[in-house]
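Undergrad: Okay, predicted coordinates and the sequence, questions at the end:
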Amino acid sequence: MTAPLAPTLLRVVDDLVPELLTFRRDLHAHPELGFAEHRTTQRLCERLAASGLVPQDVGPTGVVVDLGDPDPARRVALRGDIDALPIRERTGLDWASTVDGVCHACGHDVHTTVLLGAGLALASVADELAERRVGVRLVFQPAEEAMPGGAERFVELGVMEGVDIAYAVHCDPSIDVGEVGLKEGPLTAAADKVRITLGGRGGHTSRPHLTEDLTFALAKVVTEVPAILSRRMDPRSGVALVWGQLHAGGAANVIPSTGHAEGTLRMLDVAVWDDMEELLTQVVHEVVDPYGVRARVDYVRGVPPVVNDPRAVASLGRAAMTAGLRPVPTPQSLGGEDFGWLIHASSGAMARLGTRTPGGTTYDLHQGDLVVDEAAVRAGTALLALSAAGEWTRVEDPD
C-alpha cells in the first residue's frame with residue numbers, strides 16, 4: 001500500500017509560503033489585462049522551469065504544464081486565471097498596482113499564486129503520482145474577465161483533452177480566511193453580453209408624430225424586455241437582464257435616429273441558456289414593432305454556469321479538512337465564471353476561498369479597495385494540491 005501524500009505536500013506547501021507571498025505581491029504590483037498577460041506568463045514560465053517542469057505556451061498568453069504520469073489512468077486539471085481588471089486600485093498597500101487604471105480587484109493574483117504553489121508542491125511528489133498512474137495538468141488561463149474569454153479558447157485549443165476532473169478556487173471576501181465555501185450543483189450563473197441597437201426616423205421633439213420616436217421605443221426595450229422575460233421563463237431559472245449602459249441622442253429637443261442599450265443577461269439554468277438568444281431576439285422585436293423602429297440584437301455568449309460535481313466537491317471537502325481548513329456552505333451566485341467552460345468539457349468543482357480577516361472588513365470583488373488576507377495563499381495552495389493528490393488515492397482506476 002502506498003504511503004499517503006498529504007504530509008509531504010503540506011510540509012512542502014508550508015516551506016513555499018514565504019516565496020509565494022513574494023510572488024503574489026509582485027503579480028499584484030504588475031497587473032495585466034486579458035490576453036495581454038505577457039509579464040505574468042513569463043514569470044510563471046521562469047519559476048516552473050526552475051523547478052524542472054516543462055511549461056507549454058498556449059499563446060499569446062497563458063501556460064499549461066503536465067506532471068506526474070504522462071499516460072495516466074486519470075488526469076486532474078488545476079486551473080488559475082491570470083488576468084486583472086481595468087479598475088484603479090485604492091488600497092494604499094506597499095505592493096499596490098503600479099499600472100494606472102488596472103489592478104487585481106478580483107483576486108486573480110491569488111488564484112495564480114496558489115496554482116503555482118500547488119504545482120510546485122505536486123512536482124515534489126511527481127514520482128509518487130506516476131506510481132499511482134496520476135497525471136496533473138496545471139492550467140494558467142488568461143482573460144477570465146473577457147467575453148468570450150480565455151477558458152473557451154483553451155477548450156478549443158484542446159487544453160482539456162484527456163482531463164477527467166478539474167478544480168479551481170475563487171477568492172471570496174465574504175468568507176473568513178481558513179474557511180472554504182463548498183456547494184454541490186450550480187455555483188454560478190450563465191452570463192452573456194447583450195447590445196440592442198435601434199434605428200429609425202428622427203426629428204424635432206415638437207413633432208413626434210412625424211418620427212418613429214426612437215428614444216421612447218428604447219425606453220420600452222429597457223423596461224419591458226426584462227419584465228416579459230420574467231413571464232416567459234420559469235422563475236426557477238433565475239433569468240436576470242440588467243442594463244449597464246444606455247445612449248440615445250445629444251440634445252433635449254431632438255429625437256435621435258439611433259440609440260442603444262447594453263447589459264448582461266444571467267441565468268441559473270444551463271438548459272435555458274441554450275435557447276436564450278433566440279427568445280431575447282424575438283421579445284425585442286415584439287416590443288419595438290408598434291413604434292416602427294428597426295432593431296438589431298448583438299448577443300455574445302459569455303460563460304455557462306459552473307455546475308459542481310458532487311464527487312469533486314467531496315474531494316475538496318476532504319482536502320480542506322486535511323489542510324486544517326473549515327468547509328462551509330456557500331450559496332449560488334448570479335456572477336459569471338468561465339471555469340464553467342472547462343468543466344463543461346469534463347467535470348469538476350470550484351471552491352470559494354475565504355479571504356476576509358476574521359473580525360475585519362468585508363470587501364467586495366471588482367472594487368479598487370479589495371484587500372486579501374494573505375493567509376489565503378497557504379490555504380488555497382494546500383487545498384488545490386491535496387485535492388489533486390487525494391482524488392487519486394481514493395478513487396480506483398476505471399475498468
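TA: In hand now; what should we look at? Residues are numbered from 1 along each chain as shown.

Undergrad: Just the element for Arg231, please.
TA: Following DSSP states H and E, one finds Arg231 within helix 214-232.

Undergrad: Who are the packing partners of the very next helix or strand once past that helix?
TA: Per DSSP H and E, the first helix or strand lying C-terminal to helix 214-232 is strand 240-248. Counting contacts by 3 or more Cβ pairs under 8 Å, 6 or more residues apart in numbering; DSSP states H and E, strand 240-248 packs against helix 214-232, strand 258-267. (C-beta placed from N, C-alpha, C; glycine too.)

Undergrad: Centre of the chain to strand 240-248, how far?
TA: 22 Å (Cα atoms, centre = their mean, to the nearest Å).

Undergrad: Which strands or helices does the following helix or strand past that strand pack on?
TA: The helix or strand immediately downstream of strand 240-248 is strand 254-255, counting by DSSP H and E. The contact analysis (3+ Cβ pairs under 8 Å, 6+ apart) places strand 254-255 against strand 203-204.

Undergrad: Could you spell out the sheet neighbours of the strand it packs on, each with its direction?
TA: Sheet neighbours of strand 203-204, with direction, are listed as strand 254-255 (antiparallel) (DSSP bridges).

Undergrad: what does the partner strand contact?
TA: Residues from elsewhere that reach strand 254-255 (Cβ atoms under 8 Å, 6 or more residues apart in numbering): 202-205, 208, 211, 213-215, 249.

Undergrad: Most neighbours among these, which one is it?
TA: Leu214 (26 neighbours; other Cβ atoms under 10 Å).

Undergrad: For that residue, which non-adjacent residue is closest in space?
TA: Gly200 (4.5 Å; Cβ to Cβ, 6 or more residues apart in numbering).

Undergrad: In contact with the one you found: list those residues for me.
TA: Counting by Cβ under 8 Å, 6+ apart, Gly200 has contacts 211-214, 217, 257, 291-294.

Undergrad: ok, back up a step: which of the residues in the helix holding Arg231 are buried?
TA: Buried residues in helix 214-232, counted by 16 or more other Cβ atoms under 10 Å: 214-215, 217-218, 220-222, 225-226, 228-229.

Undergrad: And for stretch 154-174?
TA: In stretch 154-174, counting by 16+ other Cβ under 10 Å, buried: 154-155, 159-160, 163-173.

Undergrad: Need the max-distance pair from the residues you listed.
TA: Asp164 and Pro173 (31.6 Å; Cβ to Cβ).

Undergrad: contacting residues around Leu157?
TA: Taking Cβ under 8 Å, 6+ apart, one finds Val58 in contact with Leu157.

Undergrad: how about the strands in the stretch 251-399 of the chain?
TA: 254-255, 258-267, 294-303, 307-308, 326-329, 348-356 (DSSP state E, counting those that start in this stretch).

Undergrad: shaky segments in this structure?
TA: 1-2, 391-399 (pLDDT under 70).

Undergrad: so the closest residue to Arg47 other than its chain neighbours is in which element?
TA: Closest residue in space to Arg47, ignoring its immediate chain neighbours: Leu116 at 6.4 Å, by Cβ to Cβ, 6+ apart. If you go by DSSP H and E, Leu116 is part of helix 108-123.

Undergrad: Tell me what angle that helix forms with strand 348-356.
TA: 120 degrees (axes from the mean of the first three to the mean of the last three Cα atoms, to 10 degrees).

Undergrad: and for the following helix or strand past helix 108-123, what are the contacting residues?
TA: Going down the chain from helix 108-123, the next helix or strand is helix 126-131, by DSSP H and E. Contact with helix 126-131 is made by 2-3, 5, 67-69, 122, 135-136, 389, 392, as judged by Cβ under 8 Å, 6+ apart.

Undergrad: Which residue ranges of this protein form helices?
TA: 6-29, 38-50, 108-123, 126-131, 150-156, 214-232, 270-288, 310-322, 339-344, 375-394 (DSSP state H).

Undergrad: which residue is nearest the middle of this protein?
TA: Centroid-nearest residue in the chain: Glu337, 3.1 Å away (criterion: Cα atoms, centre = their mean).

Undergrad: What residues does the closest residue to that residue other than its chain neighbours make contact with?
TA: Distances taken as Cβ to Cβ, 6+ apart place Thr188 nearest to Glu337, at 4.6 Å, with adjacent residues excluded. Neighbouring residues of Thr188 by Cβ under 8 Å, 6+ apart: 303, 305-306, 332-337, 340, 350.

Undergrad: The residue found closest to Pro70 once you drop the neighbours it is linked to in the chain and Thr264: what is the separation?
TA: Among residues not flanking Pro70 along the chain, Gly135 sits closest, at 6.9 Å (Cβ to Cβ, 6+ apart). Gly135 sits 37 Å away from Thr264, going by Cβ to Cβ, to the nearest Å.

Undergrad: Nice, that's everything, thank you.
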